[in-house]
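Sharing a model prediction with you, sequence too.
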There are 2 protein chains.
Amino acid sequence: MRACHRGLIRKTGLNFHETCRYTQSWDKWAKINSTGLEKLVDDLLLRCWSDWRWFTHRVPLSSSTMLPGVGVFGTGSTARVLVPLLKAEGFEVHALWGRSEEEACCLAKELGIPFHTSRSDDVLLHQDVDLVCIYIPPSMTRQIAVKALGIGKNVVCEKAATAVDSFKMVTAARYYPQLLSIMGNTLRFLPAFVAMRQLLVEGYVGELQVCDVRVYGPSLLDQSYGWTCEELMGGGGLHTVGSAIIDLLSYLSGTRAHRVHGLLRTFVQQNGLIRGIRRVTSDDFCFFQMLMGGTGSSSVCCTVTLNFNMPGSFVHEVMVVGSTGRLIARGTELYGQRNGSKSEELLVGDNGWVGPEVKEMPLPLLQGLSSMVKALRQSFQAKEERRCWARGPVATAPTFEDGLYVQTVVEAVKRSSSSGEWECVEIMSHEPDPNQNLCEALKRNKN
Amino acid sequence: MRACHRGLIRKTGLNFHETCRYTQSWDKWAKINSTGLEKLVDDLLLRCWSDWRWFTHRVPLSSSTMLPGVGVFGTGSTARVLVPLLKAEGFEVHALWGRSEEEACCLAKELGIPFHTSRSDDVLLHQDVDLVCIYIPPSMTRQIAVKALGIGKNVVCEKAATAVDSFKMVTAARYYPQLLSIMGNTLRFLPAFVAMRQLLVEGYVGELQVCDVRVYGPSLLDQSYGWTCEELMGGGGLHTVGSAIIDLLSYLSGTRAHRVHGLLRTFVQQNGLIRGIRRVTSDDFCFFQMLMGGTGSSSVCCTVTLNFNMPGSFVHEVMVVGSTGRLIARGTELYGQRNGSKSEELLVGDNGWVGPEVKEMPLPLLQGLSSMVKALRQSFQAKEERRCWARGPVATAPTFEDGLYVQTVVEAVKRSSSSGEWECVEIMSHEPDPNQNLCEALKRNKN
C-alpha cells in the first residue's frame, strides 16, 4: 500500500493529507479485491485526481488565459491539422500522444508541442491538460475517452468502432454531465450547414421530403495496411464518412432514422501496397437509404451515396428537398431555390478559406474543424475558470448520445447490406451481457 | 359474307381476284367461328392487307422519296416535337391519331398533317403510312403496336403499361422480324451516350463498378387528372423516366439487372387541380438500386435517384465509375476523368442545339429524339424500297425485347418498394394464364 500511496503523491502532485482522503475509500476497495490491486490503484489514482481537480482546485491554474490546456491523441492528418487550429484560437497544446514514441516525437517536434508520449496516462494525467482531443483509430477511442472523463477531463473525440463502445462512452458522459463530451463531427459547425439548419427551421423548403447526399473522393485507405483496411476496426467509407453524414442529417432534419437499407462493396480488395494474403475488408462504395422522422408516407427519405474509387476528385453535396423549395450544400457553399423561382440563389458563399490547405482533408471537414475549434474557444472563454465551459456555443455539437445513434445506424446499414432487408434502428438501452451465451445455457439448464 | 367481301375490297383497295385469295382461308375461319364474325372479318382484313403490301407490292409506291410515309399516334408533347423533326429529315407525315377528333384536328392543323382521325384503324390502314410512331398513354400502346405490326407497318413506340403487354408486343415483333420494331427510348441515340458506350467498350473506365444516375425536375403530372396520375396506368417517375434510365444502363453496361431494390413515394398526392376524391397514386420520388452483370461482388452497382418535386430545375446526370476512370454525362455533355489525371476533360460538348426549344421536354430527350429520327432516316434511305430498312443505323435502338426487360425491372422495383426486399428480375418467357385462379381451383378440386 505504501508504494501505491507514494505513487499517488508522485503521480497526482497532491500532498500527504489530501491523498489520505482518497485512500480511505481506496482501502475499502482494496480489501474486497486483493487481486488486480495494481489496476485498482491506477483507477483510484485517476478518480482521485479528477475529484481533486474538480473540488479542490477552483482557482484557475494559469491566470494568463481562460482557455484550457489541450492534450491531443493521435498523429494522423486530423491531429496534424487540429493543433495549428487550436493554437490559432489561443489554446495551448501541452501534450501529444502517438502510438509509438517515434511518431509522437516526430509530430511533437514538427508542431512545437512540449511533451510527447506513447503512454496514454501520461497525457490524461498531465496537469496542464484540461481538454483532451482524441483523433485515433476508432477501436482505441472508447478506452481513452472513458478514461479521460473518469479523470475529469473535457473530451472531444472521434467515433468509436462499435455500438457497445459508443454505449460505454455514453454511460461515462452521463456520469460526468459537468464535463464537456462531444463527438468531433465537424460538419455540424460548417457555416453552410449551420445556415441550412436555420433555413430548414424557418421553413425555407416547406415540409421536408428528401435528403440526398453524395460524397465522392479518392481512396480512404492508408498507405500501409492498417485499421482503415479493416471493417471490424472501423475502417471504410460508411464508418469514416457515412457516420458524419448520418449525424449531419439528424442535425439538419431534427429527427432520427428508424429504418435503413444499404449496400456496401469493396471494389478494391488489393492494391500495390496491400497484397499477398492481405485483403481490404472495409467498404469503398456504400449506398444507403434512411427513413427518418414520422412513419409511413410522412417520413423523410434520405439517400446517401459514398464512393471512394474516384481519385482526383472530391464531391461533397448535401441536398434537402421539401414541398416548397430546396437547399443544396456543395462543398462549403450553400445554394437555395424556392419552388417559384427560376434559378438557384447563393446563400452562403465560400468566403475564401484563409486557413491551411490540407491535401488529405477535404475543405468542408477542414473548415468545419476550424469552426468547431472557434466554438470551443467561445465555450471556454465564456467562463472564468479554465476547465469550465458554457453550453451555448457548443449546444449544437453532437453529444456522445448522438455518437451512439450514429454508430447504431452504421451497424444497421451493415446488417442490411448482408441481409438485403430493411433494418430497424434500435438504440441500445443497456450494455449487452458479455456472457450472454453462458447465461442462456444456464437458463436452458434450469428449465 | 358478301358484305364483308365488299368491305374487304373497299377497305384494302385490292381488286376482286386478290381478295379471293384471302377469303379462302377466311371462309375456313368463318365456319369455325360463327360468332364474333365481325371481329374476325376485321382481323382478316388487317392481315390480308399486310400480306398484300408485303408480298405483292414490291415496287415503291412513290418514286419521289425512299422514305416511308409516317403515321403518328398521339397529340402529347412528344408527338408535337416529333412531327417537325420527322419533316426536317424528309419524312412525310400523312396521318395523325388523337384520342378525340378535336385534339387530332387541332394538332393536325397546327402541324400541317393532311389526315387526322380518332379511329386507330384509319391510320394503320392508311395506304401512305408505312411507319407508325406511337406516343400515346402506356395502357393503349400494346394494342396499337401489335395491330400495326400485324398489318405490316414498321413501328416505333413508347413503353407499354405492364410486362404482360410488353410480352405481347415481343411476341408480335418476333412474328414479323422483317418489320422495324423499336422502343422510342431516345437516350440511346444521344451523342453523349453513344460516345459513353464507345468509351466503355474501349476500356476508358477499366472494369465497370458503379453507375449513378440522378434525374431531378418539375412534376410529371398533366394539368388535368389523367394517366400520369395513376400508377396502374403507367404514370409516375419510375415508369416514365426510370424506364428510360434502366434501358440506358443496360445499353451502356452491356448487361442486365438481375436483382433490384427500390423505394417509391408520392409526396404530392393532391394539388390545386387534382383534389377532392381524386388522389395521385403515381410516384414523384423514386430511388432504386440494380445489381447488373455478374453475381456476387463482381456485379455492377447501379443507383438511380428520380425526384420530380423540383420545379424550376432540371438535372440529368449519368455517371459510370470504373477501376481506372469515370465518365459523367451531364445533360447532353460528356465528361471523363482517368484515375491519373487531375481534372475532368470535356469529351462531348453541347454542340449548340439548333432544333426547337421545347419547354416540356428536357434537352437530352429532345436531342435524343432528333438523333433517333436521323438514324431512322439513314436506316430507310439505305434501302431502295420505302418500306424496307437497313439494320445498321438502328442496330443500337432498343428492341421490344429490351422493352420487356425494362418493364420487368420497373415491376420488380415496384414490388421491392412494397415488400422492402431485393427482388429478382425474371423475364417472362410465356404469357401468364389469364384464368390462373380458375385453373388452380380446378387443380385443387382434383386432388
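Structure received.

Spell out which parts of chain A neighbour chain B.
Residues of chain A that fall close to chain B, judged by CB under 8 Å from any CB of the partner chain: A:209-210, A:212, A:214, A:261, A:263, A:265-268, A:285, A:287, A:289, A:297, A:301, A:303, A:305, A:307, A:309-313, A:321, A:323, A:326, A:337, A:339-344, A:420-422. For the C-beta atoms, the positions are set from N, CA and C on the backbone; glycine is no exception.

Can you report phi and psi for the residue nearest to the spatial centre of chain A?
Computing the C-alpha centroid of chain A and ranking residues by CA atoms, centre = their mean puts A:Glu158 first, at 2.4 Å. For A:Glu158, the backbone dihedrals (degrees, to the nearest 10) come out as phi -80, psi 170.

got the contact list for the residue lying closest to A:Thr228 once chain neighbours are set aside?
Spatial nearest neighbour of A:Thr228, chain neighbours left out: A:Gly235 (4.3 Å); criterion: CB to CB, 6 or more residues apart in numbering or on different chains. Contact analysis of A:Gly235 by CB atoms under 8 Å, 6 or more residues apart in numbering or on different chains lists A:Leu220, A:Leu221, A:Trp227, A:Thr228, A:Cys229, A:Thr281, A:Ser282.

The same query, at a cut-off of 7 Å, please.
For A:Gly235, the contact set (CB atoms under 7 Å, 6 or more residues apart in numbering or on different chains) comprises A:Trp227, A:Thr228, A:Cys229, A:Ser282.

And for A:Arg99?
With contact set as CB under 7 Å, 6+ apart, A:Arg99 has these partners: A:Ser118.

before we move on, what SS does it have?
coil (DSSP: H, G, I helix; E, B strand; the rest coil).

Would you quantify the distance from it to chain B?
31 Å (CB to the nearest CB, to the nearest Å).

Quick check on that residue: phi, psi?
The phi/psi pair for A:Arg99 (degrees, to the nearest 10) is phi -70, psi -30.

That one and A:Val213, how far apart?
From A:Arg99 over to A:Val213 the distance is 32 Å, taken as CB to CB, to the nearest Å.

what about the closest residue to A:Arg391 other than its chain neighbours, which SS state?
In space, and not counting its chain neighbours, A:Arg391 is closest to A:Ser379: 7.5 Å by CB to CB, 6+ apart. At A:Ser379 the chain is in helix, as set by three-state DSSP.

give the contact list for A:Ser379.
The contact partners of A:Ser379, taken as CB under 7 Å, 6+ apart, are A:Trp389, A:Ala390, A:Pro393, A:Val394.

any idea which of these has the most stuff around it?
A:Trp389 (23 neighbours; other CB atoms under 10 Å in any protein chain shown).

got a list of contacts for stretch A:403-422?
Residues outside stretch A:403-422 that contact it (CB under 7 Å, 6+ apart) are A:159-160, A:162-163, A:166-167, A:169-170, A:183, A:238-239, A:242-243, A:246-247, A:250, A:256-257, A:259-264, A:288, A:290, A:423, A:425, A:427-428, B:420-422.

among those residues, which are in helices?
Judged by DSSP state H, the subset of the contacts of stretch A:403-422 located in helices is A:Ala163, A:Ser166, A:Phe167, A:Met169, A:Val170, A:Ser243, A:Ile246, A:Asp247, A:Ser250.

Contact partners for the fifth one?
This points to A:Val170. Residues in contact with A:Val170 (CB under 7 Å, 6+ apart) are A:Phe400, A:Glu401, A:Leu404.

I appreciate the help and will end here.
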